[in-house]
Each structure stands twice: as C-alpha cells, then as structure tokens.
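Visitor: Any chance you can model this:
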Amino acid sequence: MLITLVKPVYFKFESDFVDTMRCIPMIVRYKLDTCDKKLQLPEWSRLSKDEKDLLAELPCETPAEIAQYRATLDEMVWNRSKKNIKDLGGVDPTWDNLSQVPNEVQQKAHEWACAPLTLPQWLSLDLLQRFALVKLSRSGHEGENFPVALAEFGIG
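Guide: Predicted structure coming up:
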C-alpha cells in the first residue's frame, strides 16, 4: 500500500509551538481522536521532530488509513518509550454536529465574554476549525487560545 503524505494544517494560534512541536498540534489531536488513541505529552516529547511531522502528515480518514495511523503511532511510541498508548474508549465528535453549536463551545464563548456562536457561523467553519474550538472549550486545554481561534476563524 502506497501512503501519500498530506500537507498538515496548523493554526496561527499554535504558532508559538509548531516550529518545535513541543505541544501536540490540533491536526495530530484530531487524528488521535479519529483513531481513538490517547497520547500523553511525555510520550509525544520522546518522539523525534521527524516522527512528529510524520504524524501530522499521515492521512487518517479511511478505515485503512486509520488502521495504518494507529499502527505507526503505536510503533513510534513503543520504540521511544517502551509504552503502549491507551485507547480513548470512544470519542463523542461534537464537532461533527451540524444541527447546533455544541454547548461546551457556547459556554467557553460566554466565559471569555465572546458573543455566542450562531449556527451559520458554526456551519461556515471547516471540520478542523470546529474540532479546534471544541478542544479549546474543554478543561485541560489552552483556554486562552479560544478567543484567539475565534478571531483567526473570522468569528471573534
């Protein structure tokens, strides 16, 4: 099977760490959720820059690509840390909901004194932008980037 690399998308709000890849960028987070894997920052930190770039570039859409991505990720992490990474146990892809803006996104907008997102605004975003807003809305993520992301996406 020939694997074609895909040019990854990085957001401007990630620019402070994308060059070094010290944090997991949204494109990789999206692929991790897609393949139902939980990669911890210590394991990410042990990967080489080339390995991190590859995880951002590998396709992860079709069932075969998802299986290949999981296998590649598992092998990389095992080779670097001798650990098996955990499965997420299923993901609730609220970013795929096109009938309403997820409550967590609306709550985060309220917390940052941003106007609530309208459904037309939500629908104007691409999949990765919606994913990023959902992730930035959840605890444990860079909440301060939420209003920055809204502005970058033409909403804030």
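
Visitor: contacts, neighbours, all on C-alpha from now
Guide: Noted.

Visitor: elements contacting the lengthiest helix in the chain?
Guide: Ranked by residue count, the top helix of the chain under DSSP state H comes out as helix 63-81. With contacts defined as 3 or more CA pairs under 8 Å, 6 or more residues apart in numbering; DSSP states H and E, the packing partners of helix 63-81 are helix 41-46, helix 49-57.

Visitor: Deepest-packed of those, please.
Guide: Each of the helices and strands packed on helix 63-81 was scored by mean neighbour count; the highest is helix 49-57, a mean of 18, by mean count of other CA atoms under 10 Å.

Visitor: who does that helix touch, helix- and strand-wise?
Guide: helix 26-34, helix 63-81.

Visitor: mind giving me a markdown table with those helices and columns for distance to residue 149?
Guide: Listed next are these as a markdown table, based on distance: least, CA to CA, whole Å:
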| stretch | distance to residue 149 |
| --- | --- |
| helix 26-34 | 12 |
| helix 63-81 | 27 |
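
Visitor: buried ones in stretch 127-142?
Guide: Using 16 or more other CA atoms under 10 Å as the test for burial, stretch 127-142 gives 128-137.

Visitor: The helices and strands packed on helix 49-57: which one's closest to residue 109?
Guide: Checking the helices and strands packed on helix 49-57 against residue 109 by CA to CA gives helix 26-34 as the closest, at 19.1 Å.
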